[in-house]
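Enquirer: the sequence isn't on hand, but the structure is:
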Ligand code: SF4
């Protein structure tokens, strides 16, 4: 049996940055680091940060006043930042820059008084955060639509002043189908020039399609509550392969491999590379003599760390010039 490793796979630049922010804070400060929501949707990542002392909460009011806190890569609505200021929290923002870009689009549409349709999963933390950025009570408002059926039904105040944004981790083709329904209904529809679905989501989905050209089974390492993991499984199935989402190597079942000469292995944007290494080790035990091969090219994009963290790092390196931790 051959195991084909997808490229790119695993951590995207936004996740890499968010995890690095938390890891550096834990190393730099001698006090608890609170994180609002799972920093990224992956249990292994969250558990390893918990083991290093990070404290995860869902709401800002669970964080003691004056504490140091981090907003997760999925972002948050402006109310979270306001509440944090009121509570005197020293907040480090790990929102992925590509999610922040969507927030800015929503702000611009609100200023132009357009109705905004957010294509995404209702209740997903990124989508909840994004809708919160619509700040104009005199505008056409903001609402979430999940699929083509909802796009056909949605009502807006003024059909000539409608815009859309999307969750960053959707499946590209399905999102395009929803946009085309909206375009038919609202010919003046305004949208992002290059789309909101991020490069990492798109590249990982393309890499899965590439795997499916030679593999009849695709294993995706990721979390069941991670949108980008679920979309990768969907993409593999749509391309005609069997696909399974697994959180760790321990879940891999020998029966799944029967009858498959070429098996694809990939990991979602929030799954660390050591999970892939663990899966390869287990496959080598289950199928002695298995060959591991690479397919595609890895990514090399890196997002800059937030300035307050860089300042803190510099201050720790030169303690005589140590500034306060206020952000
Ligand atoms: Fe940012 Fe895309 Fe990664 Fe989400 S999947 S954290 S939007 S780069």
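Expert: That came through fine. Values in this document were obtained by computation on a predicted structure and should not be read as measured data.
Enquirer: need the pLDDT of residue 135.
Expert: The model reports residue 135 with a pLDDT of 95.
Enquirer: would you map the helices across the stretch 201-327 of the chain?
Expert: In the stretch 201-327 of the chain, the helices defined using DSSP state H, counting those that start in this stretch lie at 227-238, 254-257, 273-286, 307-317.
Enquirer: what's the closest of these to the ligand?
Expert: Nearest to the ligand among the helices of the stretch 201-327 of the chain is helix 227-238; the distance by CB to the nearest ligand atom comes to 5.5 Å. The C-beta positions use only the backbone N, C-alpha and C, and glycine is treated the same way.
Enquirer: for that closest one, name the packing helices and strands.
Expert: helix 199-212, strand 217-221, strand 242-246 (3 or more CB pairs under 8 Å, 6 or more residues apart in numbering; DSSP states H and E).
Enquirer: now do the last one, average pLDDT.
Expert: In this model, strand 242-246 has a mean pLDDT of 98.
Enquirer: could you check the angle helix 273-286 makes with it?
Expert: 120 degrees (axes from the mean of the first three to the mean of the last three CA atoms, to 10 degrees).
Enquirer: got the contact list for strand 242-246?
Expert: For strand 242-246, contacts defined as CB atoms under 8 Å, 6 or more residues apart in numbering pick out 216-222, 224, 229-230, 232-233, 236-237, 252, 256, 260, 279.
Enquirer: pretty sure residue 177 is touching residue 148, no?
Expert: Yes: contact criterion CB atoms under 8 Å: residue 177 and residue 148 qualify, at 5.6 Å.
Enquirer: which residues touch the residue of the stretch 101-250 of the chain found nearest the ligand?
Expert: Distances between the stretch 101-250 of the chain and the ligand by CB to the nearest ligand atom are smallest at residue 198, namely 3.1 Å. By CB under 8 Å, 6+ apart, the contact list for residue 198 reads 12, 14, 96, 98, 168, 169.
Enquirer: now these as TSV including neighbour count?
Expert: What follows is the contacts of residue 198, written out as TSV (neighbours: other CB atoms under 10 Å):
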residue	neighbour count
12	29
14	27
96	25
98	20
168	30
169	31
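Enquirer: pLDDT added to these, as CSV?
Expert: Below are those laid out as CSV (pLDDT from 0 to 100):
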residue, pLDDT
12, 95
14, 96
96, 96
98, 96
168, 95
169, 90
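Enquirer: just the element for the residue in the chain positioned nearest to the ligand, please.
Expert: Using CB to the nearest ligand atom, the single residue of the chain nearest to the ligand is residue 14, 2.5 Å away. Here residue 14, judged by DSSP states H and E, is contained in helix 13-28.
Enquirer: now do the same contact list for residue 179.
Expert: Here residue 179 is in contact with 119, 164, 189, 191 (CB under 8 Å, 6+ apart).
Enquirer: the third one contacts residue 180, correct?
Expert: The one in question is residue 189. No: here residue 189 does not reach residue 180: they are 9.9 Å apart, not a contact under CB under 8 Å.
Enquirer: more neighbours: the two, which one.
Expert: Using other CB atoms under 10 Å as the criterion, residue 189 and residue 180 rank with residue 189 on top: 19 against 13.
Enquirer: from residue 219, how far out is the more buried one?
Expert: Distance, residue 189 to residue 219, using CB to CB, to the nearest Å: 38 Å.
Enquirer: leaving out chain neighbours, which residue sits closest to residue 85?
Expert: Of all residues beyond its chain neighbours, the one nearest residue 85 is residue 91 (7.8 Å), with distances taken as CB to CB, 6 or more residues apart in numbering.
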